[in-house]
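# Got a predicted model here, sequence first, then my questions.
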Amino acid sequence: MNITGFTGLPQGFLLNYTSNNFEYTASYTMVRGRHTFKMGETYRSWQQNLTTSGQGSGTFSFTGNYTNNPANPANSGAGLADFILSIPTSASRYVPPGWYYQRMRNNWAYFNDDWKVTSKLTMNLGVRYELNLPTTEKRGQFGSFLPSARDGKGAILVPNAQSVSAPFLQSSVPLAWPFYSQFGVYAKDVGISEKYLRAIGYNKFAPRVGLAYRLTNRTVIRTGYALFWVQLDGNRESEFESVPFLIRESGILNNPFIPDRTTRTFLPAGSSFDRFATLLAHDPYAKDFGYSQQWNFAVQRQLPGQFSAEIAYVGTKGTRLQTSRNLNVPLPGPGTVQPRRPYPDFGSITWNEQAASSIYHSMQMKAERRFSKGLSLLAAFTWSKSIDQDSTDGEGQYDPYNFRLMRGPSAFDVPRRFTLGLVYELPWLRKAAGAQRLFLGGWTLGTIVTWQDGFPFTPTFNGDPSNTGTGSRADVVSGCTAKLSNPTPDRWFNTACFAAPPGPPIYRRGNAGRDILRGDAYHNVDLSLYKDFLLSEQRKFQIRLEGFNAFNQHAFTFPDAAVNSPTYGRIFGSSPARVMQVAGKFTF
């Protein structure tokens, strides 16, 4: 149960699964003159057998949509009030399934040549071949969606007639397929693989090249480029367990203006499946799962005093990355949502496809001192920018008809980050004798310092102003600066810079960009002080005094960013407080 502005009731479920990973690898190395050749092959077989307890009683969301003032929706309405009235905005449920036996296979081969061209120049040349087969289900108990089937009306895609015939392996099939079969097709009848429900790509070569040049005895230049094919995400692949083998009824909507359902009537006891099936599907014509290109250029320098320094440019570009969108969202406008959908025979259709991209640029600096004379140190600073359309491959698309609206800073984007790790053997009383040396000498100080900018977040609106059955962002107030010079937990950003979208008769989503605001920066210092007591040649005892977040610095959580929430702009949490501990370790 979700109530806007409050912590909802737990809505978890029991997941029971067994996962196996079998991997067989062979490699060969040959040295010939200035060349070191390496080649090999890996075969991997991944298995996941799973079932869940389901959520037959359903889950409900209360957003305050039915208790707001239509003339001022941004500053009125309360999710708790909707809850007291038993009027949810949406609901979802799914029945307990049987067991699923997911399988995935990979074959990888590589060839690499480390070539010492001259005494100063070394090159690394290589190529990798990958055959990444799509996920399958051992007994054919998986489904998808084909938009072009039934003359463009769309259809539920199942492997074959046997997969939906007796003896039934999933309890939902004999209950659901007699009705849903009128909207279904068999893979073999539409030219799609029965085993995978997806195409297979065979031409997946990944070249790579690296270069190291010794400019002087103390200076080295390194550069490299490589292409990497993205592997399947097992969590996303679980979404092949779809209608009719697993019935998920998600995003069942109430009337957005005059509610006609309550918690009692939304999912009444003994009710059958919603006639408008909620589907999860994958693009059957995607032959790969995307790839990334990575490149770098670095200069390394040996410095006096056992120090070394490095400055580098590092870049990454992701292409055809996995993302998802609701394929069955109507265009904004008046009227009931269902008949306006592109595929009105179905409900929500989560469509996984290879359509996202990403780009990352960074300057990275590092200074290091190897352990010498009681001191080691590693300091690093990164100045970077990461932009993408989907940071988790499950973030989804804000407007399924306009992917550009999702382009923005990555959810993990941190423009500046500094870290320092230090170990220092304290010199005091190391040469003392007796009790002084035993208890006061020989201590070592360690510290880890982290200093970074905050993560980005998006201003939102709780409701459906576009009348499309989807959520919304806030509207941006023109000419307003959202960043405050002195933000506080009670007002983290200029809340006047965002407003509620207009709603009817103007049907549209909010125009705020993705991840345009920043959360609190993170500053942390961990300290440790420890000493080893040598008891014998093979036995020693170590005592440690440790302080995590030693200076008790806080990093606030994200503020409530929904413009029509009663706690809009406020923060209610922070990072953990200081923790001090004493520990002992006996080694023998």
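In hand now; what should we look at? Numbers count the residues shown, from 1 in each chain.

# Tell me which other helices or strands the strand or helix carrying residue 318 touches.
Assigned by DSSP states H and E, residue 318 belongs to strand 307-326. Secondary-structure packing of strand 307-326 (3 or more CB pairs under 8 Å, 6 or more residues apart in numbering; DSSP states H and E): strand 291-303, strand 346-372. C-betas here are computed from N, CA, C, even on glycine.

# remind me which residues of the stretch 101-250 of the chain are low pLDDT?
Regions of the stretch 101-250 of the chain meeting the criterion pLDDT under 70 cover residues 233-236, 238-239, 250.

# and the gap between residue 377 and residue 146?
Separation of residue 377 from residue 146 (CB to CB, to the nearest Å) stands at 59 Å.

# Which one's more surrounded, those two?
residue 146 (20 against 16; other CB atoms under 10 Å).

# for the more buried one, what are its contacts?
154, 155, 157, 185, 190, 192, 284 (CB atoms under 8 Å, 6 or more residues apart in numbering).

# Of those residues, which is the nearest to residue 358?
Of all the contacts of residue 146, residue 358 sits closest to residue 284, with 24.3 Å by CB to CB.

# Do I have it right that that closest one meets residue 197?
Yes - shown here, residue 284 and residue 197 form a contact pair, counting by CB atoms under 8 Å, at 6.0 Å.

# list the residues that contact both of the two?
In contact with both residue 284 and residue 197: 144, 157, using CB under 8 Å, 6+ apart.

# out of these two, which sits in the busier spot?
residue 197 (25 against 21).

# List only those of the contacts of residue 146 flagged as buried.
Using 16 or more other CB atoms under 10 Å as the burial test, these include 154, 155, 157, 185, 192, 284 as buried.

# dump the residue contacts of the fourth one.
If a contact means CB under 8 Å, 6+ apart, then residue 185 has 146, 149, 150, 155, 156, 157, 158 as its contacts.

# where does this structure have low pLDDT?
Counting by pLDDT under 70, the ranges of the chain that qualify are 10-13, 53-56, 73-75, 95-96, 233-236, 238-239, 250-251, 268-272, 429-438.

# Please identify the buried residues of stretch 182-200?
By 16+ other CB under 10 Å, the buried positions in stretch 182-200 come out as 183, 184, 185, 186, 187, 192, 196, 197, 198.

# tally of neighbours for residue 461?
27.

# Does it touch residue 562 like I think?
Yes - the pair residue 461 / residue 562 is scored as a contact, 6.3 Å apart, by CB under 8 Å.

# among the buried residues of stretch 182-200, which are in strands?
Among the buried residues of stretch 182-200, the ones falling in strands (DSSP state E) are 184, 185, 186.

# hey, what's residue 457 bridged with?
residue 517 (DSSP bridges).

# surely residue 243 meets residue 281?
No - judged on CB under 8 Å, residue 243 makes no contact with residue 281 at a distance of 9.5 Å.

# With neighbour numbers in mind, choose between the two.
Each of residue 243 and residue 281 has its neighbours counted (other CB under 10 Å); residue 243 has more, 29 against 25.

# What is the helix or strand where residue 547 lies packed up against?
Assigned by DSSP H and E, residue 547 falls within strand 540-548. When contacts are defined as 3+ CB pairs under 8 Å, 6+ apart, strand 540-548 packs onto strand 522-534, strand 579-587.

# among these, which is the most enclosed?
Neighbour counts (mean count of other CB atoms under 10 Å) averaged over each of the helices and strands packed on strand 540-548 peak at strand 522-534, with a mean of 16.

# partner strands of that one, parallel or antiparallel?
As assigned by DSSP bridges, strand 522-534 forms pairs with strand 444-452 (antiparallel), strand 540-548 (antiparallel).

# now those strands in a markdown table, with distance to residue 346 and mean neighbour count?
Supplementary listing: the strands paired with strand 522-534 in a markdown table, determined by distance: least, CB to CB, whole Å; neighbours: other CB atoms under 10 Å:
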| stretch | distance to residue 346 | mean neighbour count |
| --- | --- | --- |
| strand 444-452 | 44 | 15 |
| strand 540-548 | 51 | 15 |
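
# OK, contacts around the residue nearest the centre of the chain?
When CA atoms, centre = their mean is applied to the chain, the residue found nearest the centroid is residue 392 (2.7 Å). Residue 392 makes contacts with residue 411, as judged by CB under 8 Å, 6+ apart.

# And for residue 35?
Listed by CB under 8 Å, 6+ apart, the contact set of residue 35 reads 113, 114, 115, 116.

# What of residue 106?
42, 43, 44, 46, 130, 131, 132, 133, 231.

# Residue 18 touches residue 99, doesn't it?
No - using CB under 8 Å as the test, residue 18 is too far from residue 99 to be in contact (9.7 Å).

# what residues are shared contacts of the two?
Common contact partners of residue 18 and residue 99 (CB under 8 Å, 6+ apart): 49, 50.

# Compare those two (neighbour count), which wins?
Of the pair residue 18 and residue 99, residue 99 is the one with more neighbours under other CB under 10 Å, namely 15 against 10.

# The more buried one - nearest residue in space that isn't next to it in sequence?
Leaving out its chain neighbours, the residue that sits closest to residue 99 by CB to CB, 6 or more residues apart in numbering is residue 51, at 4.8 Å.

# which SS state does the one you found fall under?
The three-state assignment at residue 51 reads strand, by DSSP: H, G, I helix; E, B strand; the rest coil.

# so it touches residue 98, yeah?
Yes - counting by CB under 8 Å, residue 98 is a contact partner of residue 51 at 6.3 Å.

# quick one, domains of this structure?
The chain breaks down into these domains under automatic domain parsing: 2-415, 416-588.

# what's the neighbour count on the residue nearest to residue 256 when sequence neighbours are not counted?
Spatial nearest neighbour of residue 256, chain neighbours left out: residue 464 (5.3 Å); criterion: CB to CB, 6+ apart. Neighbour count for residue 464, taken as other CB under 10 Å: 24.

# With residue 171 instead?
Neighbourhood size, residue 171 [other CB under 10 Å]: 15.

# how much distance is there from stretch 222-233 to the middle of the chain?
Here stretch 222-233 shows a centroid-to-chain-centroid distance of 19 Å under the convention CA atoms, centre = their mean, to the nearest Å.
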